[in-house]
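# got a sequence here, can you model it:
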Amino acid sequence: VLKGLCRCCKSDDSLMKAIAVSVLMKVRGSKALLALLSGSGMATGMLNLLEEALSSVLEFPKVDQEYRFVPAAFTTEQMAQIGDILQVTMSLTLTKAFVEKLNQTTFWLLLIPLMKAKSDVQLKAVELLVSASRKEPELSTLVLKDKELFASFAEAFAGHSEPPVQEQASYLANLLCKVKEFRTLVLGACSLSEFICTAQDKTSDVAIVAAIRILFNECKVNEKLLRDLSANGNFLLKVVELWYSREGYAKQIMLQFMQFILSEEEASKKLTETASEGHVLALLDDLARHKAMMEAFESGGASLLAPAVDNDLVVAERAKLIETIDCTKVGKYLQTLLPPSEDNVCVIDVCSFSGMICIPLAQMMSNVSMYAVDWVKGFVEKVELASNRAKVRNVYPVLCDYETVDSVPSKSKLALLMGVWGAIEDPPLLFGSIRAKLEKGGKLVIVESEEKLLKDAQSWASKAGFQLFTEPKHIERCSMCVMQSMNI
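Here you go, the predicted structure:
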């Protein structure tokens, strides 16, 4: 059946193509069937279908190649067919193999003009990119590669677009909020402080969270923005209002941001001047009622907003290793593995727990962007709080799928796997994910308290495509090795 559908998609016969689309539309609700169909062959077939559907634009030679997709150039029936192809493709992004094959083709280049089209096809194209980005987060950077596409995205995200379009754009914004280039473009294209100030009840949580996370991350490295927001009384009042009105993760993000910005003397003074005395006292009372929740949250043992931590022994083992070794020596050695004159170098701390190693390393290595990866939401939130409290502004907590680093938004020069080997259940999955995130010349540093643990990790890394680069011996009371990908 799969081979037959693939042949129909690639056929020169329009009827065969129509049959393939019709069949795929009917089965797109069945994950079991889609899992069987979602492979590299079908990815090539979907590319062929989309190219064929858009080929009628060639009948309009006056259309500039930069603006190849013009909705007015298509009939209603043709537009509906393009929409069906996009919907089918989105349903097939169920597997990573399908998305990876699309990445090897020109499919995403065809999607760019569709995402700029002011029609129903725009929403379906954005939904497709969002769905694929769930498997390959780096795909979200597509919106940075075309000026008109980014302008369309910014309007959808912070403009007056329909809620479904805004929600999809907001998902991409959440993926990209830690990327400096993206934040610079967004803040240059629209005023997020004004967006927050004018947010209404119908404004979705995902849009509010995306806007606050962009501002939050940028304030950590942009003193001017932090001063401007601290002096904006209306903005501060709206942040407090949103904290009261929102629930779940949106409420937690608002609380973290509020704690961060009100730690600035100017912001706390401005809020006191802007709000009435009764409002300020009420806010203080409400924050006091949340004290017990926040203490549980910071302790990691009873977070009301995160899943329970299942493996406290691993946390204890890592803490013991870090207490034993000289972290200053570790930091100095890691710096020798990085380009000496390059800023904003990406470093990944795998399984960061509460930030016990990534925060002190980030303080020592001010030229790096430290991505603190964990697979437990509670730990990711703990790192966020701990880094804010320590005023370390180059630590970026990232929640990833179990035993992967796939959600880190950029390539890395260095990955650190320190004191966690005993907890790893799927070494091929983890090492494969790390290799995919390493830049050319990037390295993996493994540190363990026992030689046998290090050798076991080194063996698995070798099977996954790494080779031994060096084994430093100058750091006492630990075993350490540096691995490099063999295809580099």
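
# doesn't K202 belong to a strand?
No: K202 is assigned coil when assessed by DSSP: H, G, I helix; E, B strand; the rest coil, not a strand.

# doesn't Q166 make contact with it?
No: with contact defined as CB atoms under 8 Å, K202 does not reach Q166; the gap is 10.0 Å. C-beta: built from backbone N, CA, C; applies to glycine.

# when those two are compared, which one has more neighbours?
The neighbour count for K202 versus Q166, taken as other CB atoms under 10 Å, is higher for Q166 (22 against 6).

# hmm, G419 is touching E448, no?
Yes: G419 is within contact range of E448, at 6.5 Å (criterion: CB under 8 Å).

# where does the stretch 51-200 of the chain have low pLDDT?
Counting by pLDDT under 70, the stretch 51-200 of the chain contains low-confidence ranges at 56-74, 160-161.

# which residues of the stretch 1-150 of the chain fall in helices?
Along the stretch 1-150 of the chain, counting by DSSP state H, counting those that start in this stretch, helices occupy 2-10, 14-27, 31-37, 40-54, 76-92, 96-103, 107-116, 120-135, 147-158.

# what packs against the third one?
Applying 3 or more CB pairs under 8 Å, 6 or more residues apart in numbering; DSSP states H and E, we find helix 31-37 packed against helix 2-10, helix 14-27, helix 76-92.

# same thing but at 10 Å, please
Packing partners of helix 31-37 (3 or more CB pairs under 10 Å, 6 or more residues apart in numbering; DSSP states H and E): helix 2-10, helix 14-27, helix 40-54, helix 76-92, helix 96-103.

# looking at these, which one is packed in the most?
Mean neighbour counts were compared across the helices and strands packed on helix 31-37 using mean count of other CB atoms under 10 Å; the top stretch is helix 40-54, at a mean of 20.

# for that one, C-alpha coordinates in PDB please.
What follows is helix 40-54, C-alpha atoms only, in PDB (Å, rounded to 0.1, in the frame of the first residue of the first chain):
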ATOM      1  CA  SER A  40      11.300   8.900   3.300                       C
ATOM      2  CA  GLY A  41       9.500   7.700   0.200                       C
ATOM      3  CA  MET A  42       6.300   9.400   1.200                       C
ATOM      4  CA  ALA A  43       8.300  12.600   1.900                       C
ATOM      5  CA  THR A  44       9.500  12.700  -1.600                       C
ATOM      6  CA  GLY A  45       5.900  12.000  -2.800                       C
ATOM      7  CA  MET A  46       4.600  15.000  -0.800                       C
ATOM      8  CA  LEU A  47       7.200  17.200  -2.300                       C
ATOM      9  CA  ASN A  48       6.200  16.100  -5.800                       C
ATOM     10  CA  LEU A  49       2.500  16.800  -5.000                       C
ATOM     11  CA  LEU A  50       3.200  20.300  -3.700                       C
ATOM     12  CA  GLU A  51       5.500  21.200  -6.700                       C
ATOM     13  CA  GLU A  52       2.800  20.000  -9.100                       C
ATOM     14  CA  ALA A  53       0.000  21.900  -7.300                       C
ATOM     15  CA  LEU A  54       2.100  25.100  -7.400                       C
END
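
# so that helix versus helix 107-116, what angle?
Orientation check (axes from the mean of the first three to the mean of the last three CA atoms, to 10 degrees): helix 40-54 against helix 107-116 gives 40 degrees.

# helices and strands around helix 40-54, which ones?
Looks like helix 40-54 contacts helix 2-10, helix 14-27, helix 31-37, helix 76-92, helix 96-103, helix 107-116 (3+ CB pairs under 10 Å, 6+ apart).

# and M364, which of the helices of the stretch 1-150 of the chain is closest to it?
helix 120-135 (33.1 Å; CB to CB).

# correct me, but D456 touches E448?
Yes: with contact defined as CB atoms under 10 Å, D456 reaches E448; the gap is 8.8 Å.

# higher neighbour count, those two?
Per other CB under 10 Å, whichever of D456 and E448 has more neighbours is E448, with 24 against 16.

# what's the per-residue pLDDT of that one here?
On the pLDDT scale, E448 is placed at 92.

# for it, give me phi and psi.
phi -140, psi 160 (degrees, to the nearest 10).

# low-confidence stretches in the stretch 351-488 of the chain?
In the stretch 351-488 of the chain, residues with pLDDT under 70: 487-488.

# just to revisit the earlier point, how about the helices of the stretch 1-150 of the chain in a markdown table, adding distance to A319?
Output for those, formatted as a markdown table (distance: least, CB to CB, whole Å):
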| stretch | distance to A319 |
| --- | --- |
| helix 2-10 | 50 |
| helix 14-27 | 50 |
| helix 31-37 | 41 |
| helix 40-54 | 44 |
| helix 76-92 | 44 |
| helix 96-103 | 34 |
| helix 107-116 | 43 |
| helix 120-135 | 33 |
| helix 147-158 | 40 |
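
# out of these, which is closest to L337?
helix 96-103 (28.7 Å).

# next, the angle helix 40-54 makes with that closest one.
With the same axes, to 10 degrees defining the directions, helix 96-103 sits at 40 degrees from helix 40-54.

# helices and strands around helix 96-103, which ones?
Short answer (3+ CB pairs under 10 Å, 6+ apart): helix 96-103 packs on helix 31-37, helix 40-54, helix 76-92, helix 107-116, helix 120-135.

# flag every buried residue along the last one.
Right, helix 120-135. Buried residues in helix 120-135, counted by 16 or more other CB atoms under 10 Å: 121-135.

# pick the one among those closest to S354.
Checking the buried residues of helix 120-135 one by one against S354 (CB to CB), the nearest turns out to be R134, at 27.1 Å.

# for that closest one, give me its contacts.
Taking CB atoms under 10 Å, 6 or more residues apart in numbering, we find R134 in contact with T93, L94, K96, V99, S140, Y171, L175, D401, D406, S407.

# next: L414.
L414 sits in contact with 334-335, 337-338, 345-349, 365, 368, 370, 438-439, 441-445, 482, where contact means CB under 10 Å, 6+ apart.

# so which of those belong to strands?
345-349, 368, 370, 438-439, 441-445, 482 (DSSP state E).
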